[in-house]
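*Asks:* just coords:
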Ligand SMILES: O=C[C@H](O)COP(=O)(O)O
């Protein structure tokens with residue numbers, strides 16, 4: 001039985017005061033870690049404060065990106081070693097916004113996945129197709145390629161631990177969510193790819209999230225599907241009340 005994981009991705013939103021107020025508002029209402037992993041992906045600036053503010057609660061903290069080298073002359077980059085040292089739990093990598101606007105490649109994402117494990121954190125690896133690819137019937141092949149490249153040279157143990165977020169690009173921030181059936185089918189492609197690359201036990205262990213216009217009103221439909229173990233949520237994770245409703249729906 002895979003434990004559900006709900007991760008909010010704040011993207012480039014909130015001030016320090018707003019981030020602090022959010023943690024204050026949710027911290028006593030986060031469900032037990034035994035029922036669900038509750039994660040907030042905060043802008044880098046607030047990670048240290050988030051980690052200290054959530055102390056003694058079940059809230060986990062994710063970074064939204066990191067570099068693949070631990071240290072060195074990489075001006076402006078975020079060290080995975082520093083993130084691990086701060087006590088960050090997860091790092092989101094390969095989000096379609098990073099692939100599109102910051103030219104992140106499959107190879108970068110794979111190097112980042114290794115760096116994140118090396119520093120004691122867990123990657124949330126994103127994948128997803130464009131509307132054109134879906135309409136051309138290329139979704140399965142595209143997703144298979146993204147996953148194969150992202151997981152290169154990771155061990156069975158690492159893949160069993162990581163999280164894969166399937167986010168159709170056309171459903172992100174558009175209000176146009178994928179149907180639960182379509183989402184489950186493509187999450188099934190992700191799981192099948194892990195089975196082919198590794199084995200049945202690893203495919204059964206890896207947790208797969210759906211992301212794209214998930215909200216309290218529709219999360220139950222996704223969570224009812226056999227290949228969907230959680231959600232990566234943008235807009236509906238920004239307000240404490242809405243985030244708590246998402247957790248409530250799955251615990
Ligand atoms: O990382 C989250 C996704 O990009 C989904 O964003 P959204 O829930 O605002 O559609």
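*Replies:* Yep, it's here. Keep in mind that this is a model prediction, so the values were computed, not measured. Residues are numbered from 1 along each chain as shown.

*Asks:* can you check the pLDDT for the nearest residue to residue 172 once chain neighbours are set aside?
*Replies:* By the measure of Cβ to Cβ, 6 or more residues apart in numbering, the closest residue to residue 172 outside its immediate chain neighbours is residue 212, 5.1 Å from it. Any C-beta I mention is one placed from the backbone N, CA and C, and that applies to glycine too. In the predicted model, residue 212 carries a pLDDT score of 95.

*Asks:* need the contact list for residue 84.
*Replies:* For residue 84, the contacting residues are 119, 120, 121, by Cβ atoms under 8 Å, 6 or more residues apart in numbering.

*Asks:* again, only using 10 Å
*Replies:* 63, 66, 70, 91, 115, 116, 117, 118, 119, 120, 121 (Cβ atoms under 10 Å, 6 or more residues apart in numbering).

*Asks:* any idea how far residue 117 is from it?
*Replies:* According to Cβ to Cβ, to the nearest Å, residue 84 and residue 117 sit 10 Å apart.

*Asks:* stretch 241-251 and the ligand, are they touching?
*Replies:* No: counting by Cβ under 6 Å from any ligand atom, the ligand is not contacted by stretch 241-251; separation bottoms out at 10.2 Å.

*Asks:* from the chain's centroid, how far away is that stretch?
*Replies:* Stretch 241-251 has its C-alpha centroid displaced from the chain centroid by 17 Å (Cα atoms, centre = their mean, to the nearest Å).

*Asks:* and the residue of the chain that's closest to the ligand?
*Replies:* Of all residues in the chain, residue 234 sits closest to the ligand, with a separation of 2.5 Å (Cβ to the nearest ligand atom).

*Asks:* so what's the residue count around that residue?
*Replies:* Residue neighbour count, defined by other Cβ atoms under 10 Å, stands at 21 for residue 234.
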